[in-house]
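Visitor: Starting from these lines, generate the structure:
(chains A and B)
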Amino acid sequence: MDMFLDILVAVLLVLGCLMSLIAGIGLLTFPDLLTRMHAATKPQVLGFLLIFAGLAIHLRSWLIVPALIVAWAMQLLTAPVSAHMIGRSGYRTKHAKKETLFSDELHQVLDEVSAAPATGPIPVAKPSRAERRQGAPGEAD
Amino acid sequence: MPTKDLSPRDQRIDDALDTSGVRHRATLKQEWPLLLLLVFVWAAMWQDFSAGNLLFGAIIALFVVTLFPLPPVVLSGRINIWYCIKLFIWFLGQVIAASVHVAWLAIARGKNTHSAVIAVPLRTNSDLIVMTVGHVLTLIPGSFVLDVDRSSSTLYLHYIDIENVQQMEKAREGIRQIERRLIMAIGSHDEYEAIKSECLPLKGKKAVK
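Guide: Okay, here's the model as predicted:
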């Protein structure tokens, strides 16, 4: 039985590490930041789960299981947030290769939004220094 | 807690227009799931679920939420454990599929991977559902959230491995299926009824095909 469990642990750990390796390969081979974010968020979530499952069996203690669940849940909660933040800023800068996209439905919306007048306090156009110099005598009259 | 009784959509517009800087504080009734979670994390970290440790954890949790108040998370007040379990099992299966998919793309396609940015209008009004859909779809095949339009519950996603219009429509339908599953599990009564009645004609269509 122990032997069987040890083999199971080994398989789980190796598979988990393989998932992290695949994430690394993805970071190297994908064309731009946005596709790389897929490699960074997906395989390692499964990799973590496999490694944690392996650990839980290896340590043979029920008390470690809640701690591992918390660690995995934190991973589930934070990975999408970081992917969103990096992707959002990456899309708005040069790091997204737009030519690899088949279609882009956000682009149109962003253009509309930036063309619309801003809400909130509208900045007052300040006259340039040259205009002020010309305008000053006129005001005195 | 907001005194005005607003629908979720009005609440969002109210929030967006509110420039007073005053933060609505969550009441104890709204916050108990968070408190339970904090106590669980505390006990899990100590690996000690004895009564004394739980009590001390509860005191620390109360201290933390008073010291660092968060805006209230509006829960729907409905939860269906059966759909939650189904959702979780389905989710685990999809996570495995996603990993294999990305692994295959990384090794076989590499630089020639094509993707798309698609807009998915969701049917729900609830911030919680929009957030959970965003989380789930980031962890399962193909997509992550680039941007969110809160006022219309529209998600803008980056979807990997898309090369034609059919795949785009399939992707959009997939996301709306995730939303359906989540509403079945934790959506409010109204949304649950709406989703249920929406499914009936869809099933009929499949039977006709």
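Visitor: In the sheet, which residues pair with B:V145? Tell me.
Guide: B:L157 (DSSP bridges).
Visitor: do the same with the one 4 residues further on
Guide: Per DSSP bridges, residues listed as beta-bridge partners of B:D149: B:T154.
Visitor: what sits against it?
Guide: A:109, B:155-156 (C-beta atoms under 8 Å, 6 or more residues apart in numbering or on different chains). All C-beta atoms are positioned from the backbone trio N, CA, C, and that covers glycine.
Visitor: Specify the local secondary structure of the closest residue to B:N164 other than its chain neighbours.
Guide: Of all residues not flanking B:N164 in the chain, A:F102 sits nearest, at 7.4 Å (C-beta to C-beta, 6 or more residues apart in numbering or on different chains). At A:F102, secondary structure determined by DSSP: H, G, I helix; E, B strand; the rest coil is strand.
Visitor: what's near enough to touch A:F102?
Guide: Listed by C-beta under 8 Å, 6+ apart, the contact set of A:F102 reads B:114-116, B:162-164, B:168.
Visitor: so for the lengthiest helix in chain B, what's the average pLDDT?
Guide: Using DSSP state H, we find that the single longest helix of chain B is helix B:81-104. For helix B:81-104, the mean per-residue pLDDT is 87.
Visitor: centre of the chain versus the following helix or strand past it, how much separation?
Guide: With elements assigned by DSSP states H and E, the helix or strand that comes after helix B:81-104 is strand B:115-121. Distance of strand B:115-121 from the chain centroid (C-alpha atoms, centre = their mean, to the nearest Å) equals 17 Å.
Visitor: Could you confirm whether strand B:115-121 reaches chain A?
Guide: Yes: shown here: strand B:115-121 in contact with chain A (C-beta under 8 Å from any C-beta of the partner chain) through B:115-119.
Visitor: Report all helices and strands that that strand contacts.
Guide: With contacts taken as 3 or more C-beta pairs under 8 Å, 6 or more residues apart in numbering or on different chains; DSSP states H and E, strand B:115-121 sits against strand A:101-104, helix A:105-115, strand B:154-160, helix B:165-186.
Visitor: B:S126: which of those is closest?
Guide: Nearest to B:S126, of all the helices and strands packed on strand B:115-121, is helix B:165-186, at 8.6 Å by C-beta to C-beta.
Visitor: and the angle for the closest one with helix B:81-104?
Guide: Between the axes of helix B:165-186 and helix B:81-104, defined by axes from the mean of the first three to the mean of the last three C-alpha atoms, to 10 degrees, the angle is 150 degrees.
Visitor: Just the mean pLDDT for helix B:165-186, thanks.
Guide: Averaging pLDDT along helix B:165-186 yields 84.
Visitor: Only the buried residues of that helix, if you could.
Guide: B:167-168, B:171-172, B:174-175, B:178-186 (16 or more other C-beta atoms under 10 Å in any protein chain shown).
Visitor: Go ahead and measure how far that helix is from the middle of the chain.
Guide: The chain centre lies 13 Å from the centre of helix B:165-186; the measure is C-alpha atoms, centre = their mean.
Visitor: pretty sure B:E163 is in a strand, no?
Guide: No: under three-state DSSP, B:E163 sits outside any strand and is assigned coil.
Visitor: which of the contacts of B:D149 has the weakest pLDDT?
Guide: Lowest-confidence member of the contacts of B:D149: A:V109, scoring 73 (pLDDT).
Visitor: Surely that residue and B:A119 touch.
Guide: Yes: counting by C-beta atoms under 8 Å, B:A119 is a contact partner of A:V109 at 7.3 Å.
Visitor: So for chain A, which residue is the most central one in space?
Guide: By C-alpha atoms, centre = their mean, the mean C-alpha position of chain A lies nearest to A:A83, the distance being 1.3 Å.
Visitor: OK, contacts around that residue?
Guide: So A:A83 contacts A:37, A:40-41, B:138, B:144-145 (C-beta under 8 Å, 6+ apart).
Visitor: helix/strand/coil for it?
Guide: helix.
Visitor: Tell me the pLDDT of it.
Guide: Confidence for A:A83, expressed as pLDDT, is 86.
Visitor: Near the nearest residue to B:A58 once chain neighbours are set aside, how many other residues are there?
Guide: In space, and not counting its chain neighbours, B:A58 is closest to B:V39: 5.3 Å by C-beta to C-beta, 6+ apart. Counted with other C-beta atoms under 10 Å in any protein chain shown, the neighbours of B:V39 add up to 21.
Visitor: got the contact list for B:W46?
Guide: Counting by C-beta under 8 Å, 6+ apart, B:W46 has contacts B:N53.
Visitor: ok, it to B:W104 distance?
Guide: In this view, B:W46 and B:W104 are 42 Å apart by C-beta to C-beta, to the nearest Å.
Visitor: likewise B:I186?
Guide: Distance from B:I186 to B:W104, by C-beta to C-beta: 32 Å.
Visitor: so which helix or strand takes in B:Y192?
Guide: helix B:189-208.
Visitor: Looking at that helix now, give me its mean pLDDT.
Guide: Across helix B:189-208, pLDDT averages out at 62.
Visitor: for stretch B:47-57, same thing?
Guide: Stretch B:47-57 comes out at a mean pLDDT of 89.
Visitor: any idea which element the closest residue to B:V95 other than its chain neighbours lies in?
Guide: The spatially closest residue to B:V95, leaving aside those adjacent along the chain, is A:L46, at 5.3 Å (C-beta to C-beta, 6+ apart). Assigned by DSSP H and E, A:L46 belongs to helix A:43-59.
Visitor: Nothing else from me, thank you.
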